[in-house]
Structure formats: C-alpha cells, structure tokens
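> Here is my input; please provide its structure:
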Amino acid sequence: MVQHKYREILEKLQGDIASGRYKPGQRLPSEAELVRRYTASRMTVFRAMRELQTLGIITRRVGSGTFVAQASPTESRVFGLLIPELGQTEIFEAICKGMMEAPQATHHSLLWGNAGAASEKEKEEVAEQLCRHYIAQKVSGVFFAPVEFSPGRHQANHRIVAALDRARIPVVLLDRCLEPYPRRSSYDLVGIDNRRTAYSATEHLMTAGAKRIAFFARPQSASTVDARIAGYHEAIQTLLPQSGRDLVGVGDASDPKFVKAFLKKTRPDAFVCGNDHTAGILMHTLISLGLRIPEDIRIAGIDDVRYARLLPVPLTTQHQPCRDIGRVAIAVMLERIANPDLPTRDVLLGCKLIVRRSCGARQTVSHSN
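Okay, here's the model as predicted:
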C-alpha cells in the first residue's frame, strides 16, 4: 500500500510538471501540503520528492522550498539490455516491460540486443559480442543478467563487467549476482529476496502436511538458486529439525533413473524446486514413475510463470513481481549515474505465495507476470 501511494505521488507530480501545470522555476506545494493532499506519511512524500530531485526534475533550496528545475527535466539517455535469456525466460520479458512502463524511463531509450543463442557456450560468446556493441554505441548504462548454466560462465561474466568498467559504463545487475552465493560483487543488484522466498515455500509445504521436504535444482544454476537452497536449509533446520538432514538433489529433472534413485535414497514427501521450469519437468517425470501429485508427493516452484497453472497439476509457486523489478532497476540506474559514489546496493523485493493443487492445500487466486 505504501509502495502504491509513493508511486501515485511520484507519477502525479511528474505528470503535472510535464503538462506545464507547474512550470520551470515555479515553487511546488510543501511536503506538509502534499501529506494532506494525498493522505500519505511524510516519509512517503519525502521519498517521492527525493526521486524527482535525483532525476533532475526538481530542485530544493534550503529555507525557500522545492521548485521545478529550470533546465530540461532529464538528459536523454540510452541504456543497453544485456540479458542472455531474453526471449527464452519469461521473467525477463516482464522485467523489461516494467522498465518501459516506469515514469523515469519517459526521457530515455532501451536497446534490446539479440542475445539469443542455441547452446550455453554460445550464450557466453553472444553476450560478450553484445557488450562490445554497447561500448561502441557509448550507452549510458547496461542492465546485465549474468550468464548461467555454462561451465565458463564466471569467467565470461567477469570479462563483460571488466570491459564495461574500462569504458566507464555503469552496470546494474538484474535478478542475480556475478559471484557465487553468499559472496557479493561491486555492482548494484535488483531482484527478489531468494533466501526468504525459498524459506516461505518450504514453510508452506510443512503447513500443508509435508514431513520430508527435498530441494531440487539444475546443475550450474545462478547464485539465486544457491540463495534459495540456503533459505530451504534455514527453514528445515528451524521448523522441521526432527526430519534429520537436508535433502538436496542437483541433477537432470527429466532423467527418470536419476529421479528414481534420488527418491529411493531420500524418500521425500515434497519438493521445493529451484524454479518453475525445474518443477514442471520434475512433475512430468514423477507422474511417469507412477506417483500422484499431491497425494504421493507435493511440489512447489518459484517464479509463477504463465505455464505454471497449465501443468498436469497446477503448480504452487512464488510470484515474482517482475514489472516492479524493472521499474526499480531504472530508478537504481539513474541514481547510480547521479550519485556514482553511493555504496553498492542490493534492492530485493518480496514474492507472493500462489497456492494451487500441487501442494495439496486449498487454492488461492492465481497471478501472472
């Protein structure tokens, strides 16, 4: 609700300034007046005003008040999207839509480079080519979702940011960090709180009646999955200590032999999966092995992609606020440009649990990105 009110104030003032209701050099209403006008807290109003100031739309004069900036509200900038999975992973399409919808993006442009590739190795090569293209174009900043799954991903990701650093182009990471969890890079990151998200998913399966919960993930996944495993560990150790050791499977969810061996060894009655894609593949494999979902085994994913509700058994999952991630990423990039000496920040948004049949609990209203 606070987030909604903050955006309402920000967008209304931006619209009033853009339409000429408040002209360059004109004094704006005081914060106290805006608090009364929008029935908002002083902190919410202050946050909206601070963002307008960061964007160069307003100026604040000590003892005089807040005024519309005399110059053009913002310098027009071009930002590059370096997202190897763009067009292949649903969440990034929604994140990019959020960027385009952001009020701060009105005066700026986004370059959508073609980073699609057939193999994981090709993703590294295409991502580095796109990086060189953006440097040649002298973009104002790059939104980068580091390469995952390929064996050489760490080296490729570091070559990319090193090249952008040499070109003095700011970088904001989307969804995932460059470094293995829990290490941290020196770049701003906007995504979800993966540890808390997995903790919540594990806790929900416990509430639904599961006693031996396993975590299943694909090999060579991004650091986000390691953070989710950490959240799963914490939930098991805190809420279900009597279950014994944690049960983590890293392998091919489409391989019946691997899945059957894992089931025999660990005897789980539920799975939290690294993401919805893994959950969907695992669901098909479990069904092919004769298991009923959720009667014999429960499943929860993370992402809430569109096909989650279309699986043989609709999937319980955590809904990522992808468009909000995009909107926040634009704001973080502009603030980084305006204040390059700011400390590195993680801006981690919360997820919403979407309950469907796969967990065996009563279904709630579903969402989509």
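> For the closest residue to Arg362 other than its chain neighbours, give me its contacts.
In space, and not counting its chain neighbours, Arg362 is closest to Val355: 6.7 Å by CB to CB, 6 or more residues apart in numbering. Where C-beta positions appear, they are placed from N, C-alpha and C, glycine not excepted. Taking CB atoms under 8 Å, 6 or more residues apart in numbering as the contact definition, Val355 lies against His204, Thr316, Ala361, Arg362, Gln363, Thr364.
> Look at Pro182 and say how many residues are nearby.
11 (other CB atoms under 10 Å).
> Now do the SS call for it.
coil (DSSP: H, G, I helix; E, B strand; the rest coil).
> I'd like to know how far it sits from Asn194.
11 Å (CB to CB, to the nearest Å).
> what do the two both touch?
Ala227.
> Gly251 and Ala261 touch, don't they?
No: the criterion here is CB atoms under 8 Å, and Gly251 misses it with Ala261 at 9.2 Å.
> Okay, domains of the protein per the record?
What the record gives for the chain is the domain set 2-68, 78-192+322-349, 194-320+352-359, from automatic domain parsing.
> can you put those in CSV and add mean pLDDT?
Shown next, in CSV, are those (pLDDT from 0 to 100):
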stretch, mean pLDDT
domain 2-68, 83
domain 78-192+322-349, 89
domain 194-320+352-359, 95
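> Just to be sure, Pro312 is in a strand?
No: under three-state DSSP, Pro312 sits outside any strand and is assigned coil.
> Stretch 164-171: end-to-end distance?
8 Å (CA to CA, to the nearest Å).
> and the most centrally placed residue in the chain, what are its phi and psi?
The chain has Gly191 as the residue nearest its centroid, 2.9 Å off, counting by CA atoms, centre = their mean. With angles defined as degrees, to the nearest 10, Gly191 sits at phi -170, psi -150.
> that older thread, from Ala214, how far out is the residue nearest to Arg362?
In terms of CB to CB, Val355 sits 20 Å off from Ala214.
> Likewise for Asp341?
45 Å.
> Those two: which is more packed in?
Neighbours were counted for Asp341 and for Ala214 using other CB under 10 Å; Ala214 has more, 22 against 5.
> mind listing what that one touches?
Residues counted as contacts of Ala214 (CB under 8 Å, 6+ apart) are Leu247, Val248, Gly249, Phe262, Thr266, Pro268, Ala270, Phe271, Val272.
> How many neighbouring residues does the fourth one have?
Counted with other CB under 10 Å, the burial measure for Phe262 works out to 21 neighbours.
> Now it: closest residue in space that isn't a chain neighbour?
Once flanking residues are discounted, Phe262 sits nearest to Gly249: 4.7 Å by CB to CB, 6+ apart.
> For my notes, confirm that neighbour occurs in a strand.
Yes: according to three-state DSSP, Gly249 belongs to a strand.
> Could you give me the buried positions within the helix or strand where Ala32 lies?
Secondary structure assigned from DSSP states H and E places Ala32 in helix 31-38. For helix 31-38, the neighbour count (16 or more other CB atoms under 10 Å) marks Leu34, Val35, Tyr38 as buried.
> so how far is the helix or strand following it off the chain centroid?
Toward the C-terminus, helix 31-38 is succeeded by helix 42-54 as the next helix or strand (DSSP H and E). Centroid separation for helix 42-54 versus its chain: 23 Å, with CA atoms, centre = their mean, to the nearest Å.
> Alpha carbons of helix 42-54, in CSV - could you do that?
Only the C-alpha atoms of helix 42-54 are listed here, as CSV (Å, rounded to 0.1, in the frame of the first residue of the first chain):
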residue,chain,number,x,y,z
ARG,A,42,5.7,12.4,5.5
MET,A,43,8.3,9.7,4.7
THR,A,44,6.3,8.5,1.6
VAL,A,45,6.1,12.1,0.3
PHE,A,46,9.8,12.6,1.1
ARG,A,47,10.7,9.5,-0.9
ALA,A,48,8.8,10.7,-4.0
MET,A,49,10.3,14.2,-3.8
ARG,A,50,13.8,12.8,-3.4
GLU,A,51,13.4,10.6,-6.5
LEU,A,52,12.2,13.7,-8.5
GLN,A,53,15.3,15.5,-7.3
THR,A,54,17.6,12.6,-8.2
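> helices and strands around the helix or strand just after that helix, which ones?
Remark: after helix 42-54, the chain's next helix or strand is strand 58-61, criterion DSSP H and E. Packing partners of strand 58-61 (3 or more CB pairs under 8 Å, 6 or more residues apart in numbering; DSSP states H and E): helix 42-54, strand 65-68.
> can you map out the strands along the stretch 101-250 of the chain?
Taking DSSP state E, counting those that start in this stretch as the test, the strands found in the stretch 101-250 of the chain are 109-112, 141-144, 171-174, 188-192, 213-217, 247-250.
> Let me know which of the ones you listed is tucked in deepest.
Highest mean neighbour count among these (mean count of other CB atoms under 10 Å): strand 141-144, with a mean of 26.
> hmm, who's touching it?
Against strand 141-144 from outside (CB under 8 Å, 6+ apart): 77, 79-83, 99, 131, 134, 160-161, 164, 169-174, 187, 329, 333, 336-337.
> of the residues you listed, buried ones?
Neighbour counting by 16+ other CB under 10 Å classes 77, 79-83, 99, 131, 134, 160-161, 164, 169-174, 187, 329, 333, 336 among the contacts of strand 141-144 as buried.
> So which of these are in helices?
Mapping these onto helices (DSSP state H) picks out Met99, Cys131, Tyr134, Ile160, Val161, Leu164, Ala329, Met333, Arg336.
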